[in-house]
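Colleague: Next one to model:
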Amino acid sequence: MQLKNKPVIKFMDDNLFNSFLFCEGEKLYLSTAVSPNFIPIAEEILQKSYKIVYYELNPICPICGQPLNKNGLQKFILNKNKIIYKQKYSCKCCKYYQTTSLETFIGKYCNYTLEIKELSLNFSTISYSSYENKANYINLIYDVKMSRQTSYISQSALIDQYLDKEEKRINKLIKELNIKPSGFYNYDEEFIKISKEIYVRMTIIDAHTRLIINDQIIRREDFTKETIKKYFKESFKGLKLNTIITDGYSAYPEIIEEIGAKHHSCTFHIMQRLMLPLQKHINKRNRSIKSLEEKIEKNTEKIEQLKNKMPPKKGRAKKTDTKRIKNQNQRKKLKVENDRNKFKLKQIKNEVKECLKYKEKISKIFKSKSIKTAMNRFNKLNEKFDEMPEIIQDFMKKLSKKLEITLNHTKNRKIPSTNNLAELLFRVTFPGK
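Modeller: Okay, here's the model as predicted:
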């Protein structure tokens with residue numbers, strides 16, 4: 001069945017279409033209202049490569065108000081890979097000259113479209129990459145000839161505008177979601193190299209909302225106790241403040257107490273101070289274990305070789321059978337050496353096992369669900385202080401002095417046990433580190 005009133009879909013009136021682009025022989029004229037991004041689309045639709053000419057709609061002389069006349073073409077290399085032309089104009093009356101401007105799409109004194117220039121910055125919002133790699137990606141995907149330097153300049157020119165826009169967007173979102181500082185904050189710093197100079201990045205992030213409260217980079221020589229104190233005071237001004245989680249830098253407790261907050265020392269960093277020397281000690285003992293096992297294996301092979309060379313017989317060897325006596329003595333000596341090595345091996349393995357057992361018991365202190373359980377575990381462990389390996393004793397002495405600020409998370413479940421959130425932020429924003 002055929003419809004009587006068949007609908008007619010008309011996307012664009014021909015006159016309107018022709019006012020923005022039209023063909024004249026081998027030339028395709030585009031008005032300044034048409035983006036250069038349309039050029040490859042137009043050539044694909046028309047199945048032909050044209051000499052692209054940009055022109056202005058009804059250009060008027062700004063001096064006398066008379067219509068301008070065409071006055072030749074100016075060559076322009078778009079994105080340094082596509083030759084196009086700009087229509088030039090002149091006024092016979094005023095001797096005024098002008099060239100078609102594409103500044104809506106292309107910056108002044110530049111060959112690249114704004115979209116291409118933004119790509120370097122856009123790649124940075126997805127993943128960390130060098131400027132050279134960004135330029136290579138753009139060249140590969142969009143077939144343009146962009147250098148590393150252009151990638152750097154483009155991003156540098158747009159970054160402030162982008163950050164301002166993002167900051168406004170995020171602040172608007174924070175207000176809409178009614179996100180407010182929790183009072184519990186992770187603080188950490190990392191040392192980074194910029195233009196061969198050492199800088200310190202100081203960062204405060206809300207432990208619960210994950211809002212970055214302050215993120216600042218200063219020179220290494222300016223990183224002092226007074227700088228940290230000033231940084232904290234400025235960062236937390238007007239904010240709810242309960243607890244600050246940090247690593248074990250000795251200046252933190254005094255500074256944090258002075259600004260009226262509780263200090264919690266990251267349990268990961270505490271365990272790290274135990275694990276670094278302990279792991280070195282264990283690695284050393286493991287090397288001894290490996291060496292002893294190799295000696296035992298080597299001696300066992302020698303014993304078997306001696307047995308095969310001269311199989312043992314019942315009874316004593318005759319005094320005249322010097323070769324057999326020598327063989328027996330060699331085997332006996334190797335067996336004694338093996339027994340001694342096996343005894344040493346057992347001792348060292350027990351020592352390593354004991355160190356790991358104490359490490360696990362210390363770790364359980366920080367994993368406790370209440371302060372009572374944590375203190376009971378610490379006290380019970382400390383009762384065996386004299387039986388501990390020396391390396392564990394040294395750690396327990398240091399831990400006993402800072403025990404209170406390491407167990408705050410067992411008193412208040414809102415306090416994170418570690419400073420891992422700040423570490424994660426650093427890993428995401430500076431993956432090279």
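
Colleague: low pLDDT regions in this structure?
Modeller: Scanning the chain for pLDDT under 70 picks out 1-19, 315, 431-433.

Colleague: Which residue ranges of it form strands?
Modeller: 21-24, 27-31, 51-55, 69-78, 82-91, 96-99, 184-194, 197-206, 212-219, 243-246, 262-265 (DSSP state E).

Colleague: starting at the chain centroid, how far to the first one?
Modeller: Just to be clear, that refers to strand 21-24. Mean-position distance between strand 21-24 and its chain equals 51 Å (CA atoms, centre = their mean, to the nearest Å).

Colleague: Dump the C-alpha coordinates for it into CSV.
Modeller: These are the backbone C-alpha positions of strand 21-24, laid out as CSV (Å, rounded to 0.1, in the frame of the first residue of the first chain):
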residue,chain,number,x,y,z
LEU,A,21,30.3,26.3,0.2
PHE,A,22,30.3,25.9,-3.6
CYS,A,23,32.4,24.6,-6.4
GLU,A,24,34.0,26.4,-9.3
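
Colleague: Buried residues of it, list them for me.
Modeller: The neighbour-count check on strand 21-24 (16 or more other CB atoms under 10 Å) flags residue 21 as buried. Glycine gets a C-beta too; all of them are placed from N, C-alpha and C.

Colleague: Given that strand, what are its sheet partners and their directions?
Modeller: If you go by DSSP bridges, strand 21-24 pairs up with strand 27-31 (antiparallel).

Colleague: Repeat that for the last one.
Modeller: Each strand pairing with strand 262-265, determined using DSSP bridges, is listed with its direction: strand 243-246 (parallel).

Colleague: what residues does the partner strand touch?
Modeller: Defining contact as CB atoms under 8 Å, 6 or more residues apart in numbering, one finds that strand 243-246 is touched by 183-188, 207, 232, 252, 256, 261-266, 408, 412, 414-416, 418-419.

Colleague: Type out the PyMOL command that picks the buried ones from the residues you listed.
Modeller: Selection of buried members from the contacts of strand 243-246 for PyMOL, criterion 16+ other CB under 10 Å:
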select buried, resi 183+184+185+186+187+188+207+232+252+256+261+262+263+264+265+266+408+415+416+418+419
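
Colleague: that older thread, just name the most buried of the strands of the chain.
Modeller: strand 243-246 (a mean of 25; mean count of other CB atoms under 10 Å).

Colleague: Could you work out the end-to-end span of stretch 62-71 for me?
Modeller: Stretch 62-71 has its terminal residues 17 Å apart, counting by CA to CA, to the nearest Å.

Colleague: Pull out the buried residues from it.
Modeller: Quick answer for stretch 62-71 (16+ other CB under 10 Å): residue 68.

Colleague: So what's the gap between that stretch and the chain middle?
Modeller: Offset of stretch 62-71 from its chain centre (CA atoms, centre = their mean): 57 Å.

Colleague: Kindly report the same for stretch 150-170.
Modeller: On the basis of CA atoms, centre = their mean, stretch 150-170 sits 19 Å off its chain's mean C-alpha point.

Colleague: what's that stretch in contact with?
Modeller: 112, 117-118, 120-121, 124, 131-132, 134-135, 138.

Colleague: That one: which residues count as buried?
Modeller: Residues of stretch 150-170 classed as buried: 150-152, 154-155, 158 (neighbour count, 16+ other CB under 10 Å).

Colleague: got it, and stretch 229-246?
Modeller: Of all the residues in stretch 229-246, those buried under the rule 16+ other CB under 10 Å are 229, 231-232, 235-236, 241-246.

Colleague: any idea which of those is closest to residue 40?
Modeller: Residue 40 has its nearest neighbour among the buried residues of stretch 229-246 in residue 235, at 49.8 Å by CB to CB.

Colleague: Next up, the contacts around residue 213.
Modeller: Shown in contact with residue 213 (CB under 8 Å, 6+ apart): 181, 185, 204-206, 235-236, 239.

Colleague: can we see that at 10 Å?
Modeller: Going by CB atoms under 10 Å, 6 or more residues apart in numbering, residue 213 touches 181, 185-187, 203-206, 235-236, 239.

Colleague: could you measure it against residue 183, distance?
Modeller: Using CB to CB, to the nearest Å, we find residue 213 at a distance of 11 Å from residue 183.

Colleague: joint contacts of these two?
Modeller: The contact sets of residue 213 and residue 183 overlap at 206, 236, 239 (CB under 10 Å, 6+ apart).

Colleague: Could you dump the residues you listed into TSV with distance to residue 51 added?
Modeller: Compiled in TSV, these are given as follows (distance: CB to CB, whole Å):
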residue	distance to residue 51
206	59
236	64
239	62
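
Colleague: Pick the one among those closest to residue 309.
Modeller: residue 206 (76.1 Å).

Colleague: circling back: nearest to residue 271 among the shared contacts of residue 213 and residue 183?
Modeller: Comparing these against residue 271 with CB to CB picks out residue 206 as the nearest, at 24.2 Å.

Colleague: roughly how far apart are that closest one and residue 405?
Modeller: Distance of residue 206 to residue 405, given as CB to CB: 20 Å.

Colleague: now swap in residue 387 and tell me
Modeller: Counting by CB to CB, the gap from residue 387 to residue 405 is 27 Å.

Colleague: Repeat that for residue 196.
Modeller: The gap separating residue 196 from residue 405 is 37 Å, by CB to CB.

Colleague: of the two, who's got more company?
Modeller: Each of residue 196 and residue 405 has its neighbours counted (other CB atoms under 10 Å); residue 405 has more, 17 against 5.

Colleague: the helices in the protein, which residues?
Modeller: Using DSSP state H, the helices of the chain run over 14-18, 38-46, 114-126, 131-142, 148-177, 225-235, 252-258, 267-309, 322-366, 371-382, 390-401, 403-406, 408-411, 420-429.

Colleague: The fourth one - contacts with which helices or strands?
Modeller: Using 3 or more CB pairs under 10 Å, 6 or more residues apart in numbering; DSSP states H and E as the contact criterion, the elements in contact with helix 131-142 are helix 114-126, helix 148-177.

Colleague: Distance to residue 34 added to those helices, as TSV?
Modeller: As requested, the helices and strands packed on helix 131-142 are arranged in TSV below (distance: least, CB to CB, whole Å):
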stretch	distance to residue 34
helix 114-126	14
helix 148-177	23
